[in-house]
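Quick one, structure for this:
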Amino acid sequence: MASRAPSPWVLRLYIAGATAHSVLAIRNLRRLCDEHLSNRYQIEVIDLLKNPQLAQGDQIVAVPTLVRRLPPPLRKIIGDLSNTERVLVGLDLRADAPLSTEHDAEEPHG
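The predicted structure follows:
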């Protein structure tokens, strides 16, 4: 009996140019995905300086913002993704988040 492969994760990272925060967010996202999702993820980086019209579709109000498109439900995390535990909880890869005052924040959606 063949087992079904896990569904791929589709992640979209919105940035605004090659700022220090943008570069750090890209690096942190790739590291997190390599460590926790192995080969079952797809990352799309969208530079809003080049494609500002794309911000409206996912209602982006700050950058960098990570949007988990798949698996549902849609989730957003704002910041450079340096608070690993907070990002893992925000993406539903970890059950509990330690209390933190770092600048990565999960944006609730319902």
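
going forward, measure contacts between C-alpha atoms and count neighbours the same way
Noted.

OK, contacts around R69?
Counting by C-alpha atoms under 8 Å, 6 or more residues apart in numbering, R69 touches 9-12, 75.

Buried residues of the helix or strand hosting it, list them for me.
Per DSSP states H and E, R69 falls inside strand 65-70. Buried residues in strand 65-70, counted by 16 or more other C-alpha atoms under 10 Å: 65-68, 70.

between those residues, which is closest to R30?
Closest approach to R30 among the buried residues of strand 65-70 (C-alpha to C-alpha): L66, at 11.8 Å.

Distance-wise, check the residue nearest to the spatial centre of the chain relative to P8.
For the chain, L66 is the residue whose C-alpha lies nearest the centre (C-alpha atoms, centre = their mean; 3.1 Å). Counting by C-alpha to C-alpha, to the nearest Å, the gap from L66 to P8 is 16 Å.

which stretches of this structure have low pLDDT?
Residue ranges of the chain with pLDDT under 70: 1-6, 95-110.

L81 falls within a strand, correct?
No: counting by DSSP: H, G, I helix; E, B strand; the rest coil, one finds L81 to be coil, located in no strand.

could you list every residue that touches it?
Taking C-alpha under 8 Å, 6+ apart as the criterion, L81 is in contact with 24-25, 28-29, 87, 104.

With S22 instead?
Taking C-alpha under 8 Å, 6+ apart, we find S22 in contact with 15-16, 63-64, 80.

ok, those residues vs E35, which is closest?
Looking across the contacts of S22 and measuring by C-alpha to C-alpha, the closest to E35 is D80, at 17.2 Å.

State the phi and psi torsions of the closest one.
phi -90, psi 10 (degrees, to the nearest 10).

wait, isn't it in contact with H21?
Yes: D80 is within contact range of H21, at 5.6 Å (criterion: C-alpha atoms under 8 Å).

And these two? Which one has more around it.
It is D80, of D80 and H21, that has more neighbours when counted by other C-alpha atoms under 10 Å, with 25 against 18.

how about the more buried one, what does it touch?
By C-alpha under 8 Å, 6+ apart, the contact list for D80 reads 21-22, 24-26, 28, 64-65, 104.

before we move on, back to that, would you turn the buried residues of strand 65-70 into CSV with distance to G57?
Converted to CSV, those look like this (distance: C-alpha to C-alpha, whole Å):
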residue, distance to G57
T65, 13
L66, 13
V67, 11
R68, 13
L70, 15
